[in-house]
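J.: Any chance you could fold what I've pasted below:
(2 chains)
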Amino acid sequence: MQIYNTLSGKKEEFIPLHDQKVGMYACGVTVYDLCHMGHARSLIVFDVIYRYLLYKGYEVTYVRNFTDVDDKIIKRAQEKKISWKELADTFIHEFYVDMDRLQLKRPTVEPRATDYIKQIIELVKKLEANGLAYEVDGDVFYRLKEFPSYGKLSGKKIDDLLSGARIEIDDRKESPLDFALWKKSKPGEPAWESPWGQGRPGWHIECSAMSQEILGETFDIHGGGKDLVFPHHENEIAQSEGATGKPFVRYWMHNGFVNINKEKMSKSLGNFFTIRDILQKYHPETLRLFILSSHYRSPIDFSWDTMDAAGTGLTRLYQAAERLQVAVESTAALPAESAQSSLPPLSKELEAVKTSFIKAMDDDFNSALAVGQLFEAAKFINRYLDIHPLQSLNHNDLEAAFLLFKELADILGILEADPTEFLKNLGGEEALPITKEEIQELIARRNQARKEKQWTTADEIRDRLAELGIILKDSPNGTQWQRKR
RNA sequence: GGCGCCAUCGCCAAGUGGUAAGGCAGAGGUCUGCAAAACCUCCAUCCCCGGUUCGAAUCCGGGUGGCGCCUCCA
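T.: Prediction:
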């Protein structure tokens, strides 16, 4: 398996530090607001990476943190006149609501910064002892000039950073690039007792402290959005390696941005959609498919047209899944001799698809290629079921094929719903304007009319259902219905 | 100013030396009482110029256009 490592700038063979065990840390969110599409992408991308590593048989410890104390939280809490703690708790709750709807697997550990104050203080003390930190009036800063390899992740040189610096000069710092490890608390702000007085952690230090505590001094994968490369991850390296003298992370992974009209979606630009905005209009798996249809490192331009296309594509996959599932069920009761069917097995075709799928994912998690393979599988399924009459099908083969199809989709976290149920709820969560019983009733009446060749009556009923957003599909096995897209 | 990324069919998007995956949309056909879905067929030579090579979308050089980071940000 190959992984693109930001540190080296190229794909490298993935070899975990400890045999089959993988330690993985993904930067989570700062809980002061609802998550937007940019967060969704990062979360979904790392969810799939997690799923795939598990699929490959690795024993993965996946850590994703909550930053529950920082400037933005304090500010927002003051605006809302509630405590910072209350604000953080609220948005952690909201975060889970979104994540569950997006079908994200829960990480192994989800630490909160404020639960690791002790470890953070210990880490800062260690850096101080190593001459890499200094206190000024209750604040503690990192002494960058003592960490010469600074910039190796983002490809920046300290001198260039100094000359192009756009940061405000704080003349208490020895160098403009020195960053805060520990901040003195102002009255009313969250505060913990420390050797430097009442204070709170700087932003970068929590990830160093928590990752080290949970995953050890050196671990395999650390990821996040591209915007975290500098300064966040660069600073983490300085902190962790400065404290331990050991390599911090072996594979650095960063996902590209979500853009709107080619511009980065971000809080500061205000051009963002929250996950909820999107989920109001689309099924969560449509969002997953949209995101996974591009390579994780490329920028992805958000548009409603592309979302619509993803939705149509997802429906196509579900249509194939439903057909196959129905075929599996219909063949269960067939006489035993049909199990001796000499047809070329469908499952064999899907095995070939699986091989390509795995190859794609092995190549730096190329989910876009993998998605293509899923559509390839759908085509095989449909064609097979088109060509061969039901009586000639082999139940065990179909079942194996169905499981294979689901197995691959599961790596991407899609096709998790029952196909028939999914197709009935295509439009989303809005209530149907008619009960399911009434639909069945109308279908029965229409089929009676069809039997009697009362085409006008039959078509009237179908048109009436169409107006209510219900599409009918006639087949030898009966009439299925689903929502209009 | 420094560092870096990208440019593939109407739209989205794989492909990093061997002759352009897949999805959406579109055209024709099959199936169907008519439909829906599905299947079959068709639909690009890869921003421009130059170079390397038997051979380049893929490598090198130069343009043009777009974007990102250097400040909080997934």
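J.: Can you mark which positions in the worst-scoring helix or strand of chain A on mean pLDDT are buried?
T.: The helix or strand of chain A with the poorest confidence is helix A:158-163; it has a mean of 82 (mean pLDDT, DSSP states H and E). Applying a neighbour-count criterion of 16 or more other C-beta atoms under 10 Å, one finds A:158, A:161 buried in helix A:158-163. (Glycine included, C-beta is placed from N, CA and C.)
J.: So what are the sheet partners of the very next helix or strand once past that helix and their directions?
T.: Following helix A:158-163 in sequence order, the next helix or strand is strand A:180-184 (DSSP states H and E). Counting by DSSP bridges, the strands paired with strand A:180-184 are strand A:139-142 (antiparallel), strand A:199-201 (antiparallel).
J.: quick one, which of those strands is nearest to A:Ile73?
T.: Nearest of the strands paired with strand A:180-184 to A:Ile73, taken as C-beta to C-beta: strand A:199-201 at 10.4 Å.
J.: Need the contact partners of the closest one.
T.: Outside strand A:199-201, the residues that touch it by C-beta atoms under 8 Å, 6 or more residues apart in numbering are A:69, A:113, A:117, A:120, A:138-139, A:181-185, A:189-192, A:209.
J.: give me that answer again for 10 Å
T.: Applying C-beta atoms under 10 Å, 6 or more residues apart in numbering, the external contacts of strand A:199-201 come out as A:67, A:69-71, A:74, A:84, A:113-114, A:116-117, A:119-121, A:123-124, A:138-140, A:180-186, A:189-194, A:209.
J.: starting at the chain centroid, how far to the host helix or strand of A:Ile221?
T.: Using DSSP H and E, A:Ile221 maps to strand A:219-225. Relative to its parent chain, strand A:219-225 has a centroid offset of 14 Å by C-alpha atoms, centre = their mean, to the nearest Å.
J.: check contacts around A:Gly216.
T.: A:17-18, A:23, A:61, A:244, A:246.
J.: State the distance from it to A:Tyr62.
T.: Counting by C-beta to C-beta, to the nearest Å, the separation of A:Gly216 from A:Tyr62 is 14 Å.
J.: picking up where we left off before, Throw together a PyMOL command that grabs the buried residues out of the contacts of strand A:199-201.
T.: Applying 16+ other C-beta under 10 Å to these leaves a buried subset, and the PyMOL line that selects it is:
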select buried, chain A and resi 67+69+70+74+84+113+114+116+117+119+120+121+123+124+139+140+180+181+182+183+184+185+189+190+191+192+194+209
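J.: what stretches of chain A score poorly on pLDDT?
T.: For chain A, the stretches flagged by pLDDT under 70 are A:164-168, A:336-341, A:427-430, A:485.
J.: Report the central residue of it.
T.: Geometric centre of chain A, nearest residue: A:Ile44, 0.7 Å, by C-alpha atoms, centre = their mean.
J.: where's that one, which helix or strand?
T.: Applying DSSP H and E, one finds A:Ile44 within helix A:37-55.
J.: and that helix, anywhere near RNA strand B?
T.: Yes. Residues of helix A:37-55 contacting RNA strand B under C-beta under 7 Å from any atom of the strand: A:38-39, A:41-42.
J.: Including neighbour count, could these go into CSV?
T.: CSV is the format used below for those (neighbours: other C-beta atoms under 10 Å):
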residue, neighbour count
A:Gly38, 24
A:His39, 22
A:Arg41, 24
A:Ser42, 29
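J.: Pick the one among those closest to RNA strand B.
T.: A:Gly38 (2.5 Å; C-beta to the nearest atom of the strand).
J.: Show me what the residue in the stretch 201-350 of chain A positioned nearest to RNA strand B is bridged to.
T.: Residue of the stretch 201-350 of chain A nearest RNA strand B, by C-beta to the nearest atom of the strand: A:Gly225 (2.3 Å). In this entry, A:Gly225 is beta-bridged to A:Asn255, by DSSP bridges.
J.: looking at it, it is touching A:His254, isn't it?
T.: Yes. In this structure, A:Gly225 is within contact of A:His254 by C-beta atoms under 10 Å, at 6.6 Å.
J.: Looking at the two, which one has more neighbours?
T.: Legend: neighbour count by other C-beta atoms under 10 Å for A:Gly225 and A:His254, higher for A:His254 (22 against 19).
J.: Roughly how far does that one sit from A:Leu468?
T.: 47 Å.
J.: Now for A:Ile470: which residues touch it?
T.: Contacts of A:Ile470 (C-beta under 10 Å, 6+ apart): A:424, A:432-434, A:439, A:442-443, A:462, A:464, A:481-484.
J.: So which of those residues reach RNA strand B?
T.: Answer for the contacts of A:Ile470 near RNA strand B (C-beta under 7 Å from any atom of the strand): A:Arg462.
J.: Tell me where the stretch 201-350 of chain A has helices.
T.: A:205-215, A:234-244, A:275-281, A:284-292, A:304-331, A:346-362 (DSSP state H, counting those that start in this stretch).
J.: Can you give the contact residues for the shortest one?
T.: Spelled out, it's helix A:275-281. Helix A:275-281 is contacted from outside by A:34-40, A:43, A:94-95, A:97-99, A:101-102, A:273-274, A:284, A:286-287, A:290, A:302, A:304, A:307-308, A:311, A:427-430, using C-beta under 10 Å, 6+ apart.
J.: Let's see the ChimeraX selection covering just the buried ones among these.
T.: Selection of buried members from these for ChimeraX, criterion 16+ other C-beta under 10 Å:
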select /A:34,35,36,37,38,39,40,43,94,95,98,99,102,273,274,284,286,287,290,302,307,311
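J.: Up against RNA strand B, what does the stretch 351-485 of chain A have?
T.: Contacts of the stretch 351-485 of chain A with RNA strand B, taken as C-beta under 7 Å from any atom of the strand, map to A:360, A:363, A:366, A:368-369, A:371-372, A:375-376, A:378-379, A:382-383, A:385-386, A:450, A:455, A:458-459, A:462, A:471-475.
J.: just to revisit the earlier point, just flag the most distant two among the contacts of A:Ile470.
T.: Among those, A:Lys424 and A:Arg464 lie farthest apart (C-beta to C-beta), at 17.6 Å.
J.: returning to that earlier point: between A:Gly225 and A:His254, what contacts are shared?
T.: A:27, A:42, A:45.
J.: and those residues as a markdown table, adding distance to A:Gln319?
T.: Listed next are these as a markdown table, based on distance: C-beta to C-beta, whole Å:
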| residue | distance to A:Gln319 |
| --- | --- |
| A:Cys27 | 38 |
| A:Ser42 | 30 |
| A:Val45 | 27 |
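J.: out of those residues, who's nearest A:Lys56?
T.: Nearest to A:Lys56 among these, with distances taken as C-beta to C-beta, is A:Val45, at 16.7 Å.
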